[in-house]
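>>> let me see the structure of the following:
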Amino acid sequence: MNFSWEYFFELFLKLPAYIPVTIFIAIFSMILAILVGALMTWFQLSGHKFLKYFANAYISLFRGMPTLVQLFLIFYGLPQLFPVFQGMTAITAAIGGLGLKQSAYLAEIFRAAVNSVDKGQVEAGQALNIPGWKIFLHVILPQATLNALPATGNTFVSLLKETSLVFTLGITELFAHAKMVAGTSLRYFETYLAVGLLYWIMIIIYTWLQSIFEKDLAAPYRRSVDESN
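Numbers count the residues shown, from 1 in each chain. So this is what the prediction gives:
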């Protein structure tokens with residue numbers, strides 16, 4: 001077996017230097033995805049037919065098109081059609097492409113989370129003449145956020161792994177550097193094993209942080225149940 005543990009551990013300690021670029025792209029892509037996804041959810045739940053059709057078309061388009069194609073369309077295609085995009089950087093294109101892609105999935109997650117809230121609570125608030133925005137802010141939003149958090153976390157995990165595609169735009173992040181190292185050293189197994197384990201560790205850390213956040217968010221509801229018992 002021609003496996004070099006020395007080379008593996010050496011690379012395993014050097015590759016984390018490129019993790020900040022990966023995390024930067026993932027976080028800002030997720031912020032964009034949440035904002036656009038929330039907007040599409042609002043369009044879907046609105047009574048306006050055009051907004052609903054637009055949201056459905058948007059979701060269908062970005063869910064049905066491969067991520068790599070979307071990245072190429074944004075980075076290489078948009079500057080050809082619209083001169084204003086000619087100065088766009090590769091990182092901006094990566095954040096835009098990944099963010100818009102995941103926003104289509106988040107829109108469906110948010111819509112399902114809002115619809116999962118008991119309608120009786122909304123009707124009770126309306127019967128008390130509480131303004132609609134207060135009902136949404138204090139009744140619907142906290143519960144919908146709790147319901148949407150697990151699936152939203154899974155979306156971020158997928159997004160974190162999809163950042164490995166941005167090397168096609170010339171961005172040197174974790175996977176891109178590993179690919180260059182593997183091509184130079186010809187130590188493919190050691191290199192890709194190291195980068196795969198680093199992605200795994202990042203996802204483990206994120207999952208742990210998410211579980212803590214979920215417990216904190218659900219704490220008021222658990223206290224309410226305990227008090228009622």
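>>> residue ranges for the helices of the protein, please.
5-14, 19-45, 49-64, 67-72, 78-81, 90-115, 119-127, 132-135, 141-162, 174-185, 188-228 (DSSP state H).
>>> next, count neighbours for residue 83.
When neighbours are defined as other Cβ atoms under 10 Å, residue 83 has 9 of them. Every residue, glycine included, has its C-beta placed from N, CA and C.
>>> find the nearest non-adjacent residue to the residue nearest the centre of the chain, please.
In the chain, the centroid-proximal residue (Cα atoms, centre = their mean) is residue 156; its distance is 3.5 Å. Using Cβ to Cβ, 6 or more residues apart in numbering and skipping residues adjacent in sequence, the residue nearest residue 156 is residue 30, 5.4 Å away.
>>> same thing with residue 21?
Of all residues apart from its sequence neighbours, residue 173 sits closest to residue 21 (Cβ to Cβ, 6+ apart), at 4.2 Å.
>>> return the distance of the one you found relative to residue 191.
Residue 173 sits 15 Å away from residue 191, taking Cβ to Cβ, to the nearest Å as the criterion.
>>> what's the answer for residue 145, then?
As for residue 145, its distance to residue 191 is 40 Å (criterion: Cβ to Cβ).
>>> go on, residue 217?
For residue 217, the distance to residue 191 (Cβ to Cβ) stands at 39 Å.
>>> compare those two (neighbour count), which wins?
Neighbour comparison, residue 217 and residue 191: the larger count goes to residue 191, with 24 against 13 (by other Cβ under 10 Å).
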